[in-house]
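> Next comes the sequence, and after it the predicted model I'd like to discuss.
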Amino acid sequence: MPQTRIRLILIFVAVLVVAAWWLFFSPLGASRPTAAPTFPPPPQVTITPPSLEDLAREFPRLERLLRDPSVDSAYKDFVVAYERGGLEAAEQLARTRGLLTPDNHVRVTLVVDTADTARLIDDLEALSVNVLGAYQDLIDVSIPLKVIVEAAQSDNPGAAFESIRDLEHVVGLQFSAPSAPQGLQRAPPLDRLALRTPQQKGVGEARISEGLSVIYADLWQAAGFTGRGVKIGILDQGFDGYRDLLGRELPGQVSIQSFVADVEPDATGENHGTAVAEIVYDFAPDAELFLAYYDGGDVSMGNAVEWLLEQDVQIISHSAGGLAGPMDGTGRDAKLVDDAAAQGVLWINSSGNSANEHYRAVFADADRDAFHDVSPADSLLAFRPAPDKATQIVLNWDDWPQSAEDYDLYLFDRDGIVLASSRNVQAGERAPVEQILYQFEDPGTYYVAVQAVDTARPVRLDLYIHEAHSMDRTSPSHSLATPADARGALTVGATFFQDGSLESFSSYGPTNDSRQKPELVGPDGVFVTTYAPKAFFGTSAAAPHVTGAAALVWSAHPEFDADDVRAFLLANTIPVAGEAEDDATGSGLLRLPAPPQDVVEAPPTAAAAPITRPAASTGSPAGAIAAICVVGAGGVALVSALAMRRRQATTRHGLLWRPAASIACATCGAQLRSDAQFCGQCGRPIDAAASRECGTCKQALRPGAAYCSYCGAAA
């Protein structure tokens with residue numbers, strides 16, 4: 001074909017592709033950076049919230065309770081609300097502040113100084129207190145409202161809390177906002193609708209995550225690796241609807257356990273864990289799944305992890321995280337992860353969705369009003385909460401583990417009226433944390449402020465507002481959720497599955513002791529039956545993709561331990577599309593190498609349900625347009641290949657590539673890319689120095705070869 005004609009064809013095809021893209025995609029566009037949110041000016045008010053001392057003078061019958069630093073201020077606010085407005089006001093505060101259990105009891109976590117809690121539990125039950133669970137130095141309890149009301153009608157309105165505090169071995173009563181799932185079920189954003197064609201579900205077909213092909217896990221499945229022989233624990237906060245998916249979107253049988261008193265794992269009002277399990281099953285359909293339900297608290301989480309370890313799971317997938325902690329690998333949850341890792345478990349954790357929900361600054365008070373200066377002009381940080389969701393507002397500062405620096409946290413409405421506060425007395429005996437859980441009825445603009453109460457130095461503040469629709473002055477750096485900061489966790493950020501771009505919400509590292517987190521990223525925005533017709537976004541979706549891939553690797557290499565699997569995954573990543581910092585992406589997007597050959601998984605222990613991959617839909621306009629562009633791009637690639645008159649290239653998952661200079665594995669002789677760090681055939685680390693290349697064609701030679709298998713030249 002004449003060279004001039006080839007050039008004309010190239011130009012014509014390129015123009016067609018560009019025109020189609022401009023006509024159909026330009027109004028929506030590719031993933032673009034979003035504009036910073038704008039907020040109205042904060043109210044010009046003098047911030048003078050009443051102190052606990054003021055309240056003690058106003059309510060002298062509550063003085064002992066209000067002055068007791070071991071009782072969380074949330075419970076003091078509850079009793080004050082009762083004194084001011086009776087049971088209705090107290091119950092409304094408890095509901096708004098997340099203090100109530102589903103059966104309308106006030107939940108409390110007791111800190112104790114003994115692991116032998118049998119006698120203490122008897123004493124609590126004698127006070128008509130329900131014991132929900134115990135783990136190490138913590139006991140979860142609930143107090144019936146009628147018990148609190150009876151005490152409030154006596155001469156000592158705070159007696160219900162004080163009688164618990166006075167028991168032997170009880171150190172304190174604390175309220176802790178639970179850790180939160182890091183998933184977002186939602187329709188794809190408008191700027192991404194044109195990038196995807198949802199898989200359509202036919203009768204008897206399973207919905208397969210689009211992330212399977214992004215990671216190249218489908219090639220491993222085609223080679224016969226399906227996770228057989230691997231036990232995976234999924235630690236999550238609700239598995240509603242899982243029974244309906246057994247044998248179709250989940251294995252025919254799973255082991256499942258609840259670690260929340262009187263709550264079944266599929267009657268929680270939350271199906272997040274079911275969606276996570278779907279993705280793991282898509283990758284590793286022959287792995288054995290163990291589902292552990294916990295309520296986000298430390299007690300149920302600890303007990304759930306113990307059960308998973310008793311089941312001898314090799315991998316724990318945890319798509320949730322808490323916002324209160326030192327974020328340096330020394331917190332309670334991080335230690336729980338490290339203990340599991342020390343027993344040979346590969347713990348895979350989502351990094352968090354808080355890049356746009358985090359604020360970091362050193363405390364400053366130029367106007368000397370005791371409140372942190374968010375800007376030179378004001379002390380109020382603006383945000384808008386997500387409707388119909390409880391918002392967590394968590395303040396940490398750098399004075400762990402027990403703080404001598406005392407700071408308080410306040411929530412204001414747009415008129416400058418205090419809606420809630422967290423005013424615990426640190427005094428060297430409490431962690432440097434203040435937190436508010438609040439259910440907003442109006443999704444308008446609200447404000448938070450930080451007050452210095454008794455301080456000797458300006459501390460570094462880390463403020464999270466989880467479930468904020470938007471937040472002013474965000475700081476993506478250091479926005480991890482714990483236990484993503486654990487040394488033993490393989491921490492996963494999120495990229496959109498179709499274009500590989502970093503999700504704007506995906507939490508950044510590093511940890512507060514300067515370790516890189518996350519270590520890698522996985523795809524999100526995929527479709528699962530649990531959330532259909534919405535897509536599953538968030539680092540919660542990314543983490544199980546990595547979990548499933550880890551199971552494939554482990555089933556192919558049963559001689560591996562957790563460290564080997566971890567190293568294998570980290571050695572097989574590609575750069576993230578666009579401009580993304582290492583603190584958000586780690587080593588990059590997971591991309592498995594070619595699967596090993598001549599390796600057979602262990603025989604199955606039970607028949608596995610077949611998986612049918614549905615055909616991609618061509619019924620939507622976006623799908624048709626995408627197909628036109630793909631055909632056009634394929635035409636460009638084909639004509640380019642003819643024009644260059646080179647050896648035919650290989651197409652893999654829609655990406656045109658050709659073998660580059662390669663090396664041979666010194667162990668098994670498999671041909672590998674020159675930058676490979678692990679062998680995809682035998683899994684062993686690559687020693688590039690031990691490999692030889694042909695002096696004529698520069699291709700890798702098999703160990704001991706006398707001739708090159710590519711060009712035939714003498715080695």
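That came in fine, so what should we check first?
> so where do the strands sit in the stretch 251-400 of the chain?
Assigned by DSSP state E, counting those that start in this stretch, the stretch 251-400 of the chain shows strands spanning 255-258, 288-293, 315-318, 320-321, 346-350, 358-362, 381-385, 390-397.
> Specify the beta-bridge partners of the residue nearest to T547 when sequence neighbours are not counted.
Leaving out its chain neighbours, the residue that sits closest to T547 by C-beta to C-beta, 6 or more residues apart in numbering is S317, at 4.0 Å. To be clear about C-beta, it is placed using only N, CA and C from the backbone, and glycine gets the same treatment. Note on S317: beta-bridge partners I234, I348, judged by DSSP bridges.
> what number of residues lie near D113?
10 (other C-beta atoms under 10 Å).
> from memory it sits against V171, does it?
Yes. Between D113 and V171 a contact is recorded at 5.4 Å, counting by C-beta atoms under 8 Å.
> Let me know the pLDDT of the residue nearest to T547.
Note on S317: pLDDT of 98.
> what's near enough to touch it?
By C-beta atoms under 8 Å, 6 or more residues apart in numbering, S317 lies in contact with 232-235, 276, 280, 348, 543-544, 547.
> could you redo the last one with a cut-off of 7 Å?
Contact analysis of S317 by C-beta atoms under 7 Å, 6 or more residues apart in numbering lists 232, 234, 276, 280, 348, 543-544, 547.
> do you know how far it is from L590?
According to C-beta to C-beta, to the nearest Å, S317 stands 14 Å off from L590.
> quick one, phi psi at Y216?
For Y216, the backbone dihedrals (degrees, to the nearest 10) come out as phi 70, psi 20.
> before we move on, what about the one 5 residues further on?
Phi and psi for Q221, reported as degrees, to the nearest 10, are phi -60, psi -40.
> so where's the stretch 1-150 of the chain uncertain?
Low-confidence segments of the stretch 1-150 of the chain, defined by pLDDT under 70: 1-35.
> quick one: which of the contacts of S317 has the most company?
Most surrounded of the contacts of S317: other C-beta under 10 Å gives P544, at 36 neighbours.
> pretty sure that residue is touching T274, no?
No. P544 is beyond contact range of T274, at 11.3 Å (criterion: C-beta atoms under 7 Å).
> residue ranges with poor pLDDT in this protein?
In the chain, residues with pLDDT under 70: 1-35, 182-206, 599-694, 696-715.
> Try it again at 80.
The chain contains residues with pLDDT under 80 at 1-36, 44-52, 177-206, 387-388, 579-580, 598-715.
> Taking the centroid of it, which residue is nearest it?
Geometric centre of the chain, nearest residue: S350, 3.1 Å, by C-alpha atoms, centre = their mean.
> neighbours around the closest residue to that one other than its chain neighbours, how many?
Nearest in space to S350, with sequence neighbours left out and distances taken as C-beta to C-beta, 6+ apart, is T539 at 3.7 Å. Using other C-beta under 10 Å, T539 has 34 neighbouring residues.
> Got phi/psi on T539?
The phi/psi pair for T539 (degrees, to the nearest 10) reads phi -70, psi -20.
> Same check on V526?
As for V526, its main-chain torsions (degrees, to the nearest 10) stand at phi -90, psi 160.
> residues contacting it?
Contacts of V526 by C-beta under 7 Å, 6+ apart are 209-211, 497, 535-536, 541.
> Tell me the one among the residues you listed nearest to W220.
Checking the contacts of V526 against W220 with C-beta to C-beta, the nearest one is G211 at 13.3 Å.
> list the contacts for the closest residue to I256 other than its chain neighbours?
With sequence-adjacent residues excluded and distances taken as C-beta to C-beta, 6+ apart, I256 is closest to L291, at 4.1 Å. By C-beta under 7 Å, 6+ apart, the contact list for L291 reads 234, 239, 254, 256, 265, 273, 277.
> between the residues you listed, which is closest to E162?
Among the contacts of L291, P265 lies closest to E162 (C-beta to C-beta), at 35.7 Å.
> who's in contact with that closest one?
239, 256-258, 291, 293.
> Provide a PyMOL selection command restricted to the buried entries of the residues you listed.
In PyMOL, this line selects whichever of the contacts of P265 come out buried by 16 or more other C-beta atoms under 10 Å:
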select buried, resi 239+256+258+291+293
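> okay, the contacts of P265 in JSON lines with distance to Y446 next?
Shown next, in JSON lines, are the contacts of P265 (distance: C-beta to C-beta, whole Å):
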{"residue": "F239", "distance to Y446": "33"}
{"residue": "I256", "distance to Y446": "39"}
{"residue": "Q257", "distance to Y446": "39"}
{"residue": "S258", "distance to Y446": "35"}
{"residue": "L291", "distance to Y446": "37"}
{"residue": "Y293", "distance to Y446": "32"}
